[in-house]
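> could you look at this predicted model? Sequence included:
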Amino acid sequence: MLERFQPRRSQLPIQRLRDDITQMVNRFFEEPFFQSQTTSFVPVMNIKEEAEKYVVEAELPGIDQNDIDIEVNGNVLTIRGERKYEQKQEGAQTHMIESSYGAFQRSFTLPDQVNVDEITADSKNGVLYIHIPKDETKKARKININFREH
């Protein structure tokens, strides 16, 4: 950890000791050991394109499926949910929390060439898979230019 240089105000041994103890206590309480679980949870997402579909993968370990909502509005896919912190044992004290908790929402604009009526989702080993089939009838087409002479 880098610290800003602060010249000592006094060279008296007792003053230096007091300054050192103050710095040590400040560093102790700045460490993650005492940070709360207020950090918000943002799931990791991957989007893949296959021949007949797109697949959205969302890493959602420890989240109950009842706490996840998937919605399509127009051409926007929205995934929202919450990773809840639960104290497992009554009377137990937590001394360190590095996991993130909280509500999340991720939205993606879908391409025009998808069939939103056929979107499906499943989950395996804490990963949510959303399958978005392509719609070949909405495939982009090339427009030919007719040249006319004046």
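Great, that's in hand.

> quick check, central residue of the chain?
In the chain, the centroid-proximal residue (Cα atoms, centre = their mean) is V42; its distance is 1.7 Å.

> nearest residue to S107 in space, please, no chain neighbours.
In space, and not counting its chain neighbours, S107 is closest to T78: 4.5 Å by Cβ to Cβ, 6 or more residues apart in numbering. Placement of C-beta: from N, CA and C, glycine included.

> residues in contact with whichever helix or strand A121 is part of: which ones?
Per DSSP states H and E, A121 falls inside strand 120-124. For strand 120-124, contacts defined as Cβ atoms under 8 Å, 6 or more residues apart in numbering pick out L60, Q65, I70, L128, Y129, I130, H131.

> does the residue nearest to the centre of the chain really touch S100, like I thought?
Yes: shown here, V42 and S100 form a contact pair, counting by Cβ atoms under 8 Å, at 7.3 Å.

> ok, which stretches of this structure are strands?
45-49, 53-59, 68-73, 76-83, 102-109, 120-124, 127-133 (DSSP state E).

> quick revisit: neighbouring strands for the strand holding A121, and are they parallel or not?
strand 127-133 (antiparallel) (DSSP bridges).

> pLDDT on the partner strand, on average?
Average pLDDT, strand 127-133: 96.

> hmm, back to that, any idea how many residues pack against the residue nearest to S107?
By other Cβ atoms under 10 Å, the residues close to T78 number 13.
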